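J.: Have a look at this fold, sequence not included:
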């Protein structure tokens, strides 16, 4: 059986369904083969440069002059090669702009590579921009049949799966309404239901499961587990490294369009990626200590405004007489900063606090919440029976704790306040200030990681 192939010169695709997988474990027969893949974009500084690029080279050739270029080249991917075996789940991670989404779009056939080839075997279902192929004037029912046809299914095959798709989407009577009337949540539900309920041989996911309410996300992940168990090949891109740790058999790290790491040691790859992201975050502008250890309230207020972490959507406020200049998460055992920890591992929350003037009766609080919302844990120095008074300059505070939390992604929030005089003064509130990913040796339900110990007592017969 031949592969479907996308190359730099490819003009079309043909569908060749796979036979039913014979085993749950990954096989050595590749479902996806990427060879020397590169993608170059032409970047124009002004709209008129596009017209120049279209006309001027031809005119210059006619006149016998050197051909000029009116654009810059940006290589989103450069010489990327890897294979994915049937039944294997591969996670792809990398900072924004690393080329992850471009790679998935080329594999799906929605982008054409500049060089290299991509070969896939089997029906591909892609969860990229969910609902991107929907016609807003059509009803949900009509869009189900239209999307099914795009995936190469007959009306009879879609009809056979229709009840499952409708039940998974769970949008009730809206199924027969135009999708332009849908909320964003309903749109996502229907789009995922169509793609996930057609029994794909290859499932490609690009951050699609980070949307929707927590109940729907749980349903999506359970469906992904069913597909994996049936032998479906999964290629997933996500910034939720806990999902990579939980689901991936292998991890590919992309950086500047190149494969930086391709390994079955998923934890090592995630830790290296998170360490790189921490180093990048540390380079953000902030107030730093110098030979002058005094800071004005104006300087701290400027740091409070400019120091928000945009990637987390951080909200920050307070009088700025003192601020939490940085929050870091450390592993005392390893002796380095971490953002991926093992459940129950001892960690330290380290706060670097800058104060413009003496501040007494200070409360330094820290808390954890799920990405979807809802506090999981929190504590502060007053609850621990420790008083903190700040002097002008820099103060370092460390909280050591073990958090028996289940695998997942969490947001870390912190706050600085003063209770002097009986009134609470918010000095610097940061929500959130960091992201923490936890992994555990085995899956559990809920937030708390508390593995059971099983004993089986044999009853004696009389």
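T.: It's in. Keep in mind it's a predicted model, so treat the numbers as computed, not measured.

J.: For stretch 171-180, buried residues please.
T.: Buried residues in stretch 171-180, counting neighbours by 16 or more other CB atoms under 10 Å, are found at 171, 174-175, 178-179. No exception for glycine: its C-beta is placed from N, CA and C like everyone else's.

J.: From the residues you listed, pick the one nearest residue 109.
T.: residue 179 (23.6 Å; CB to CB).

J.: Could you give me the buried positions within stretch 257-267?
T.: 257-262, 266.

J.: now, which of the residues you listed lie within strands?
T.: Using DSSP state E, the subset of the buried residues of stretch 257-267 located in strands is 258-262.

J.: What are the neighbouring residues in contact with residue 450?
T.: 404, 444 (CB atoms under 8 Å, 6 or more residues apart in numbering).

J.: could the buried residues of stretch 171-180 go into TSV alongside pLDDT?
T.: TSV is the format used below for these (pLDDT from 0 to 100):
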residue	pLDDT
171	82
174	86
175	86
178	88
179	81
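
J.: Farthest pair within those residues?
T.: 171 and 178 (12.6 Å).

J.: quick one: contacts for residue 242?
T.: Residue 242 touches 407-409, 437-439, counting by CB under 8 Å, 6+ apart.

J.: distance between the ends of stretch 163-182?
T.: Terminal residues of stretch 163-182 are spaced 20 Å apart (CA to CA, to the nearest Å).

J.: how far is that stretch from where the chain is centred?
T.: Relative to its chain's centre, stretch 163-182 lies at 27 Å (CA atoms, centre = their mean, to the nearest Å).

J.: do stretch 373-384 as well
T.: That offset, for stretch 373-384, works out to 26 Å (CA atoms, centre = their mean).

J.: for residue 319, what are its contacts?
T.: 297, 425-427.

J.: By neighbour count, which of these wins?
T.: Neighbour counts for the contacts of residue 319, by other CB atoms under 10 Å, peak at residue 427, which reaches 26 neighbours.

J.: and the gap between that residue and residue 314?
T.: Going from residue 427 to residue 314 by CB to CB, to the nearest Å gives 16 Å.

J.: Is it correct that residue 161 falls within a helix?
T.: Yes. Assigned with DSSP: H, G, I helix; E, B strand; the rest coil, residue 161 falls within a helix.

J.: contacting residues around it?
T.: Residue 161 touches 148, 197-199, counting by CB under 8 Å, 6+ apart.

J.: Please list the members of those residues that lie in helices.
T.: Within those, residues falling in helices by DSSP state H are residue 148.

J.: mind giving me CSV with the contacts of residue 161 and columns for pLDDT, neighbour count and distance to residue 333?
T.: Formatted as CSV, those follow (pLDDT from 0 to 100; neighbours: other CB atoms under 10 Å; distance: CB to CB, whole Å):
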residue, pLDDT, neighbour count, distance to residue 333
148, 79, 22, 52
197, 74, 23, 45
198, 73, 21, 47
199, 74, 16, 45
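
J.: Output the contacts of residue 161 as JSON lines; include the columns distance to residue 251.
T.: Output for the contacts of residue 161, formatted as JSON lines (distance: CB to CB, whole Å):
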{"residue": "148", "distance to residue 251": "32"}
{"residue": "197", "distance to residue 251": "28"}
{"residue": "198", "distance to residue 251": "27"}
{"residue": "199", "distance to residue 251": "26"}
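
J.: related to what we said a few turns ago, go through the ones in strands among the buried residues of stretch 257-267 and name the one nearest residue 308.
T.: Checking these one by one against residue 308 (CB to CB), the nearest turns out to be residue 260, at 28.6 Å.

J.: And the contacts of the strand or helix carrying residue 105?
T.: Assigned by DSSP states H and E, residue 105 belongs to helix 100-108. Contacts with helix 100-108, where a contact means CB under 8 Å, 6+ apart, come from 6, 32, 34, 37, 39, 76-77, 80, 92-94, 111-113, 118, 120, 124, 126, 128, 204, 206, 235, 237, 254.
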